[in-house]
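> Need coordinates for the following:
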Amino acid sequence: MGKRPLMNRAERAQIAMMLEVCAYPKPGNVDRCHDYTDTRFEHFLASTIFVRPAFEAAERNGGRVGSLIKEAVMLTNGHSGGNTHFGAFILLIPLILGEDIAGAQRIVAGTDVLDAIEFYAAFGLTEVRVVEGDDLDVNDPESVAMIKEQGMTLADIMAYSAPRDMVAREWVNGFRLTRRCADLLHMHGHGRDAIVRTFLDLLASEPDTFIIKKHGVEVAERTVQRAGEVLRGERDLGAFDAECIRDGINPGSIADIVIAGIYVALGEGWRWDC
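Below you'll find the predicted structure:
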C-alpha cells in the first residue's frame, strides 16, 4: 500500500476535533467513557463530520471569519446534543484561513463589523453560557445596534470578552495557549496519552473560564489545584475524573484550546496514530 497523502487543513481540523473527544480520561469532559445527560460522545463525533463543508470552504475559498463560524454552527446544530464545538470553531476557522498561527493572527486583525455581526448571529444559535448583565448580550438586539454604531470588529468583540473567556483571549494574545498546547504535545510524544497529559498540564495551570461561568472562580481554582495533584502523583486520575463528572465540572474551554493545539501540532508533523 502506498503512503497516504498529507492531510489538508480541513481534514486536520476534523481529526483534531475527533482526537480530543476520543482521548480519555480527560477529567470532567465527555469522552469515549463518559456522556452527559443531554450531550453524548456520538454528538461530538457527528459534529466532526457535519462541519466539513465549512472547513473546506475556509480552506478552498477563504471568506469572512464570522460567516464561516456561523456556517459551522449551523451545520452542527442538527442533532439533539446542542452545539458541541462553538469555542473550537472560533479558533479553528482563523487557523484554517491563515494556515498557521502567524496567519491566523493576520486573519484576526483583518476582521470587520460584518464579521462581528455574523458572529453574534452564530452565537445566538448556540446555548453557550454567557455572563449575566453583560453590556454586549447576545440575546439583546440592541447589542448588534451598539456594534454597528461603534464600528466594532470581531477582533474588538474578542478583546471585550477576553477577560472573562479564555477562548476569546486566544485572539488577543496571539494564540498563546494554542501554541503552548502544540509544544506540549510534541514534548509528551504521540497519540492519545500525549493528549491526556497535555490536557492535564493546561488544566493544572489555567482556570477554565467555562467552569468559572458555570460554578464560579473558587471551583475553577480548586480544579486547577487538584489537576496539579494528579500530575504530582498525589491524587488518582480516575477518581478525579469521576469527581468532576459527578459534580458537572467540565473544562470545556480548555478542551477547545486542546483541539486548536492538536490542529497546529498535526501541521508540524505530530503523529496521532502511534
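
> Residue 89 and residue 70 touch, don't they?
No: judged on CB atoms under 8 Å, residue 89 makes no contact with residue 70 at a distance of 9.2 Å. Where C-beta positions appear, they are placed from N, C-alpha and C, glycine not excepted.

> ok, now how distant is residue 41 from residue 21?
From residue 41 across to residue 21, the span is 7 Å (CB to CB, to the nearest Å).

> Return the set of buried residues in the helix or strand containing residue 187.
Element membership for residue 187, per DSSP states H and E: helix 176-188. Of the residues in helix 176-188, 177-182, 184-186, 188 count as buried by neighbour count, 16 or more other CB atoms under 10 Å.

> Among residue 89 and residue 70, which residue is more densely surrounded?
A direct count of neighbours by other CB atoms under 10 Å for residue 89 and residue 70 places residue 89 higher, at 31 against 24.

> Give me the pLDDT for that one.
Per-residue pLDDT puts residue 89 at 97.

> same thing with residue 36?
For residue 36, the pLDDT comes out at 88.

> Tell me the secondary structure at it.
For residue 36, the secondary structure call by DSSP: H, G, I helix; E, B strand; the rest coil comes out as coil.

> Please verify my assumption that residue 12 contacts residue 261.
No: counting by CB under 8 Å, no contact exists between residue 12 and residue 261, whose distance comes to 11.9 Å.

> Show me which of these two is the more surrounded one.
Neighbours were counted for residue 12 and for residue 261 using other CB under 10 Å; residue 261 has more, 29 against 23.

> What sits closest to the more buried one if chain neighbours are left out?
Among residues not flanking residue 261 along the chain, residue 181 sits closest, at 2.5 Å (CB to CB, 6 or more residues apart in numbering).

> hang on, the earlier thing: take the buried residues of helix 176-188 and write them to JSON lines, including distance to residue 101 and pLDDT.
Formatted as JSON lines, the buried residues of helix 176-188 follow (distance: CB to CB, whole Å; pLDDT from 0 to 100):
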{"residue": "177", "distance to residue 101": "11", "pLDDT": "98"}
{"residue": "178", "distance to residue 101": "7", "pLDDT": "98"}
{"residue": "179", "distance to residue 101": "6", "pLDDT": "98"}
{"residue": "180", "distance to residue 101": "11", "pLDDT": "98"}
{"residue": "181", "distance to residue 101": "11", "pLDDT": "98"}
{"residue": "182", "distance to residue 101": "8", "pLDDT": "98"}
{"residue": "184", "distance to residue 101": "15", "pLDDT": "98"}
{"residue": "185", "distance to residue 101": "14", "pLDDT": "98"}
{"residue": "186", "distance to residue 101": "14", "pLDDT": "98"}
{"residue": "188", "distance to residue 101": "19", "pLDDT": "98"}
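
> which one of the residues you listed is nearest residue 26?
Closest approach to residue 26 among the buried residues of helix 176-188 (CB to CB): residue 181, at 13.0 Å.

> okay, the buried residues of helix 176-188 in a markdown table with distance to residue 150 next?
Below are these laid out as a markdown table (distance: CB to CB, whole Å):
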| residue | distance to residue 150 |
| --- | --- |
| 177 | 28 |
| 178 | 28 |
| 179 | 31 |
| 180 | 33 |
| 181 | 33 |
| 182 | 35 |
| 184 | 38 |
| 185 | 39 |
| 186 | 41 |
| 188 | 44 |
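
> Next secondary structure after the helix or strand of the chain with the lowest mean pLDDT?
Ranking every helix and strand in the chain by mean pLDDT, DSSP states H and E puts helix 141-150 at the bottom, with a mean of 81. Later in the chain than helix 141-150, the nearest helix or strand by DSSP H and E is helix 154-161.
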